[in-house]
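Visitor: structure for the following, please:
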Amino acid sequence: MSDSLQLQVHDLEVEVLTGVYSEETHLPQPLRISVTVDIDMPERFEPDTPLKASKNYMDVKHAATDGLPKDVHFTLVEAVAEHICDTLFVGDPRVRRVEVRIIKLAIAEQGESIGITLVRGRK
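Guide: So this is what the prediction gives:
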């Protein structure tokens, strides 16, 4: 089994212009976004290992929040997930795989989670 490192930022609530139906297309919708990033890592992490040996969690958070354009309407939440993946792949060549889970909060009727999970590997 090979070693791996996953950075995780879960349950961010973000307002995003998304949706297909007319009632969805004029106002941002609340989404719950979770991101898991697999990255290359050094052989070992010692007590004095610097941050540059890993990835800053805030980069992952930024890709799912401020990194999303506020003036772009994403018809599908899958396109929101693609944008997050692209941002993370472009931002760091050590990123090997990104998993984005998006829950559409506005359509839940009884607290259920309705959404998608998109997983992309570096090509």
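Visitor: when you work out contacts or count neighbours from here on, use the C-alpha atoms and nothing else.
Guide: Will do.
Visitor: which strand or helix spans the most centrally placed residue in the chain?
Guide: Of all residues in the chain, the one closest to the mean position by C-alpha atoms, centre = their mean is residue 35, 3.9 Å from it. Assigned by DSSP states H and E, residue 35 falls within strand 29-39.
Visitor: for the helix or strand following that strand, which residues meet the burial criterion?
Guide: Once the chain leaves strand 29-39, the next helix or strand it forms, by DSSP H and E, is helix 57-64. Across helix 57-64, burial judged by 16 or more other C-alpha atoms under 10 Å covers 59, 60, 61, 63, 64.
Visitor: the residue nearest to the centre of the chain against residue 101, yeah?
Guide: Yes. Using C-alpha atoms under 8 Å, residue 35 makes contact with residue 101 at a distance of 6.4 Å.
Visitor: quick check, pLDDT for residue 86.
Guide: Looking at residue 86, its pLDDT stands at 97.
Visitor: what do you get for residue 60?
Guide: Per-residue confidence at residue 60 stands at 96 (pLDDT).
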